[in-house]
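[1] need the 3D shape of this:
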Amino acid sequence: MEGSTVPPSSTDEVSSGGEAARSPSALTPTQEPLPPSKVIVSLKAAGGAPQLVDAKKKIKIEGSKEFRVVKDHVYKMLKDKIKGSLFLYVSSAHISPSLDQTLSTLALSFGRQTAKALILDVTYCINEAWG
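    Numbers count the residues shown, from 1 in each chain. Reported below is the predicted structural model:
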């Protein structure tokens, strides 16, 4: 039939060079890893800070929570043993993140992955240790 055109299929479109190209919806997108729903925070004392009981050294927290939750938790656990400031550092890089960073962001950047979990190592001390 003259003058009739066949619309391109939903997966193939004709590019300006005459080649068939896949539509954007048919392409496999490059996906970022999903933030972990839970992060295991492993706590370690430094610089003369009081030690936590072994049962309290690892806590599991929602990945969407802010880093301030970890600080509040440690402060609450040590409230009878410390007076004043509490400093927290992430990983062996000795980075002190802002308190509004999410745990999933910190764990993906500075944590370590095991077969079953994402672990974020946090060192706490009562005097500024690195910095």
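
[2] pLDDT of the top helix by length along the chain, averaged?
    Ranked by residue count, the top helix of the chain under DSSP state H comes out as helix 68-77. Helix 68-77 shows a mean pLDDT of 94.

[3] low pLDDT regions in this structure?
    Low-confidence segments of the chain (pLDDT under 70): 1-36, 93, 130-131.

[4] do a quick rundown of the strands in it.
    Per DSSP state E, the chain carries strands over the ranges 12-14, 20-22, 38-45, 58-62, 87-90, 112-113, 118-125.

[5] how far off centre is the fifth one?
    Right, strand 87-90. 15 Å (Cα atoms, centre = their mean, to the nearest Å).

[6] just want the most central residue of this structure.
    Central residue of the chain (Cα atoms, centre = their mean): S104, 2.1 Å from the mean position.

[7] can I get the strands of the chain in CSV with distance to S98 and mean neighbour count?
    Bear in mind the C-beta positions are built from the backbone N, C-alpha and C, glycine included. Shown next, in CSV, are the strands of the chain (distance: least, Cβ to Cβ, whole Å; neighbours: other Cβ atoms under 10 Å):
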stretch, distance to S98, mean neighbour count
strand 12-14, 45, 12
strand 20-22, 42, 12
strand 38-45, 16, 19
strand 58-62, 17, 14
strand 87-90, 11, 20
strand 112-113, 21, 12
strand 118-125, 14, 21
